[in-house]
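**Q** structure here, sequence nowhere to be found:
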Ligand code: PRX
């Protein structure tokens, strides 16, 4: 049985044979190639292996830490593993991340360089350009305001704001004082904010009166009021006036941002902290319903994100970088706030929706501001695919020179569309695999890497990523298993806020007692390498179907379905089956201009059978208008499954589109 299963696992893995080599000038001028030449590396493979090896990885990180960051006091030890799995980095040093992200640029040559180009959603409001000099003053005034409220190093502050410049300003002001920020995505409900603010004992909430969404002001402050009612440590609510929405201000507790900064000094001494001092707590969902507060350290998050951004997205002095994520997620923390600022780059921030006033908005932003590097998510790409290539085609995207993807496996179909319609069939796509827990990309192409659609290629230099079977043995090429990190790295998570037991259980326990595997980090994703060693992420460990004893990743079937020319999106679940254990059921959204029919359902099934083999073919295909998604755009298979099988769907308050649940038919 085991042998047969192995064979089938290989059989359902869709071998990717297309290779996209990077253009010569990209390779020759890349930041990573310059470093390789300096060091005398001949090949990418040799370089990646050297940097991640037992003998050299600490030497590598030592060099990177000194390259990208100014240390107030030099560290004496690169890494200390004596309290594994609580790894400590840059022991004995002192640092301030805001000093690195803002002060050193504002006091140097980059004072007048634009740090953020901010585009408000309403088309009649002007774009703002914020220089490093401006950012310095705004951060300092706000930090002095926070100080005046008695907030200090080690306190927690929840930040609940939309995509406006005051969000990074608030984060940087906290970090300047050693206050630990906990950003809560502004799309979460008051309960979401309350649970998080209460869990980490926030002393203050920073929010706005309201913000714009698809042209209309949406109130937000009231949510903060409701949250504060259930978060007893909250003493202050600071409110930035963004949309001119009427709000109630509670005497003694609530303060307007503009009043708080009025007359404050534009200078503020950084509070120097130990590199392990917590920079932020960011909540993410785990296997249970309760969100986990991931603790991130200051030193590691000053080094890892900046280094990876510089190498992977190859940023140069005149680039205009646009990461389309919301700062409420880790992608925004690392790659809108800390990394680009530490590198002294110009980044674009857009306040609103991708379809406002129409599906051309993003492409207009790129045209207007000559964006050179675009980093987005497969869900956005599929949304644009569904609308058709006429939208990007209307705009001049010739300033783009590199593309990126993050958040979920990018199905080869979307990858090809992205390259063709956004990347004019020329641009390389950096598919970065990482997590809230990791703080930086772990697996990713570099500008010098030959690409395969749908693959995040190889572990980055300094990261030792592997695929193990349940017993801790490395799986051979062509077979799947658990993707793990064999070594610590600077930006890794340090702990769960207030829950040591769960921290141990979720990431470390699995291989803890396997000889030679203590300290191996279980990422919770399933992955497979092809014969050339390219990594393909197949989705979460818990999102695996078991059909007639064979393990099939939901994501793999979904990827095959969306390669069908008439299908835009798909969610695949397992329906209990007396004989096979589970049968595969697919819910699909058709591309515009196609109508559901029994023939099309049959055709879709035949299509998957042909692509992946009979074992992975769905037994049923249902057409739907919408699928429930998280705020970050991931389809919630759990909800699709519960609704279609007639089980309770649980809490859906954090979904982006809770009404989509009604579209899911009952199938039992
Ligand atoms: O399953 C992987 C998927 O997203 C998970 C992490 O989600 P989150 O913590 O919300 O962070 C998202 C932004 C980093 C991973 O465990 N994931 C992320 N990037 C990729 C991916 N799956 C495949 N390919 C990727 N590039």
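**A** Everything's here; your move. All values reported here derive from a predicted model rather than from experimental measurement.

**Q** residue 300 contacts residue 488, correct?
**A** No: if you go by C-beta atoms under 8 Å, residue 300 and residue 488 don't touch, sitting 9.3 Å apart. (Glycine included, C-beta is placed from N, CA and C.)

**Q** give me the more crowded residue out of these two.
**A** residue 300 (28 against 23; other C-beta atoms under 10 Å).

**Q** the residue of the stretch 151-300 of the chain found nearest the ligand - nearest residue in space that isn't next to it in sequence?
**A** Here the stretch 151-300 of the chain gets closest to the ligand at one residue, residue 284, 5.1 Å apart by C-beta to the nearest ligand atom. Among residues not flanking residue 284 along the chain, residue 436 sits closest, at 4.1 Å (C-beta to C-beta, 6 or more residues apart in numbering).

**Q** what's near enough to touch the one you found?
**A** 282, 284, 294, 329-330, 493 (C-beta atoms under 8 Å, 6 or more residues apart in numbering).

**Q** what's the spatially closest residue to residue 183 that is not a sequence neighbour sitting at in phi/psi?
**A** Sequence neighbours aside, residue 159 is the residue nearest to residue 183 in space, at 4.6 Å (criterion: C-beta to C-beta, 6+ apart). Dihedral pair for residue 159: phi -120, psi 120, per degrees, to the nearest 10.

**Q** bridged to residue 159, which residues?
**A** residue 183, residue 206 (DSSP bridges).

**Q** residues contacting the residue lying farthest from the centre of the chain?
**A** The C-alpha centroid of the chain is most remote from residue 579, which lies 39.4 Å away (C-alpha atoms, centre = their mean). Going by C-beta under 8 Å, 6+ apart, residue 579 touches residue 548.

**Q** just residue 568 next, same as before
**A** 382, 385-386, 562, 588-592.

**Q** overlap in contacts of residue 300 and residue 488?
**A** What both residue 300 and residue 488 touch, as defined by C-beta under 8 Å, 6+ apart, is the set residue 89.

**Q** what about the residue of the stretch 151-300 of the chain closest to the ligand, neighbour count?
**A** In terms of burial, residue 284 registers 14 neighbours under the definition other C-beta under 10 Å.

**Q** now swap in residue 89 and tell me
**A** Residue 89: 27 neighbours (other C-beta under 10 Å).

**Q** could you list the low-pLDDT ranges of this protein?
**A** Low-confidence regions of the chain, defined by pLDDT under 70, span residues 1-14, 285-290, 542, 549-551.

**Q** could you find the residue nearest the spatial middle of it?
**A** Central residue of the chain (C-alpha atoms, centre = their mean): residue 331, at 3.6 Å.

**Q** if I pick that one, what's in contact with it?
**A** By C-beta under 8 Å, 6+ apart, the contact list for residue 331 reads 323, 325, 375, 406-407.

**Q** now residue 260
**A** 142, 145-146, 148-149, 238.

**Q** let's go with 6 Å and repeat that
**A** residue 145 (C-beta atoms under 6 Å, 6 or more residues apart in numbering).

**Q** now it: which helix or strand?
**A** Taking DSSP states H and E as the criterion, residue 260 maps to helix 257-261.

**Q** list the buried ones in the helix or strand just after that helix?
**A** Scanning forward in sequence from helix 257-261 by DSSP H and E, the next helix or strand is strand 278-284. Residues of strand 278-284 classed as buried: 278-283 (neighbour count, 16 or more other C-beta atoms under 10 Å).

**Q** tell me the one of the residues you listed nearest residue 442?
**A** Residue 442 lies nearest to residue 282 out of those, by C-beta to C-beta, at 16.9 Å.

**Q** and that closest one, what are its bridge partners?
**A** Beta-bridge pairing for residue 282 (DSSP bridges): residue 294.

**Q** next up, the contacts around the closest residue to residue 350 other than its chain neighbours.
**A** Nearest-residue entry for residue 350: residue 119, 4.7 Å, with adjacent residues in sequence omitted and distances by C-beta to C-beta, 6+ apart. For residue 119, the contacting residues are 127, 350, 365, by C-beta under 6 Å, 6+ apart.

**Q** for the nearest residue to residue 356 once chain neighbours are set aside, grab the count of nearby residues.
**A** Nearest non-adjacent residue to residue 356, counting by C-beta to C-beta, 6+ apart: residue 214, 4.8 Å away. By the criterion of other C-beta under 10 Å, residue 214 has 11 neighbours.

**Q** quick check on residue 569: phi, psi?
**A** For residue 569, the backbone dihedrals (degrees, to the nearest 10) come out as phi -140, psi 160.

**Q** so what's it bridging to?
**A** Here residue 569, judged by DSSP bridges, has bridge partners residue 589.

**Q** which residues touch residue 74?
**A** Going by C-beta under 6 Å, 6+ apart, residue 74 touches residue 93.

**Q** picking up where we left off before, could you check how far the residue of the stretch 151-300 of the chain closest to the ligand is from residue 318?
**A** According to C-beta to C-beta, to the nearest Å, residue 284 and residue 318 sit 35 Å apart.

**Q** now do residue 74
**A** Taking C-beta to C-beta, one finds residue 74 at 32 Å from residue 318.

**Q** ok, residue 25 next?
**A** 16 Å.

**Q** for whichever residue of the stretch 551-668 of the chain sits closest to the ligand, grab the count of nearby residues.
**A** In the stretch 551-668 of the chain, the residue found nearest to the ligand is residue 632; the distance is 6.0 Å by C-beta to the nearest ligand atom. Look at residue 632: counted by other C-beta under 10 Å, it has 19 neighbours.

**Q** the nearest residue to residue 162 once chain neighbours are set aside is in what secondary structure piece?
**A** Nearest residue to residue 162, sequence neighbours excluded (C-beta to C-beta, 6+ apart): residue 211, at 3.8 Å. Per DSSP H and E, residue 211 falls inside strand 210-213.

**Q** residue 655 is in contact with residue 628, correct?
**A** Yes: at 5.2 Å, residue 628 counts as touching residue 655 under the criterion of C-beta atoms under 6 Å.

**Q** on that earlier part again, looking at the contacts of residue 119, which are in helices?
**A** Residues of the contacts of residue 119 located in helices (DSSP state H): residue 365.

**Q** parallel or antiparallel, list what pairs with the strand holding residue 211.
**A** Here strand 210-213 has these sheet partners by DSSP bridges: strand 216-219 (antiparallel).

**Q** ok, then the element right after the partner strand?
**A** That would be, after strand 216-219 and using DSSP H and E, helix 221-229.

**Q** pull out the buried residues from that following helix.
**A** Result for helix 221-229 [16+ other C-beta under 10 Å]: buried residues 221, 223-225, 227-228.

**Q** who's the closest spatial neighbour of residue 341, skipping the chain neighbours?
**A** Of all residues not flanking residue 341 in the chain, residue 101 sits nearest, at 3.7 Å (C-beta to C-beta, 6+ apart).

**Q** tell me if I'm right that the one you found and residue 342 touch.
**A** Yes: the pair residue 101 and residue 342 qualifies as a contact (C-beta under 6 Å) at a distance of 5.1 Å.

**Q** other SSEs contacting the helix of greatest length in the chain?
**A** The residue-count maximum for a helix in the chain (DSSP H) belongs to helix 132-148. Here helix 132-148 touches helix 104-106, helix 166-177, helix 257-261, going by 3 or more C-beta pairs under 6 Å, 6 or more residues apart in numbering; DSSP states H and E.

**Q** no further queries at this time; thank you.
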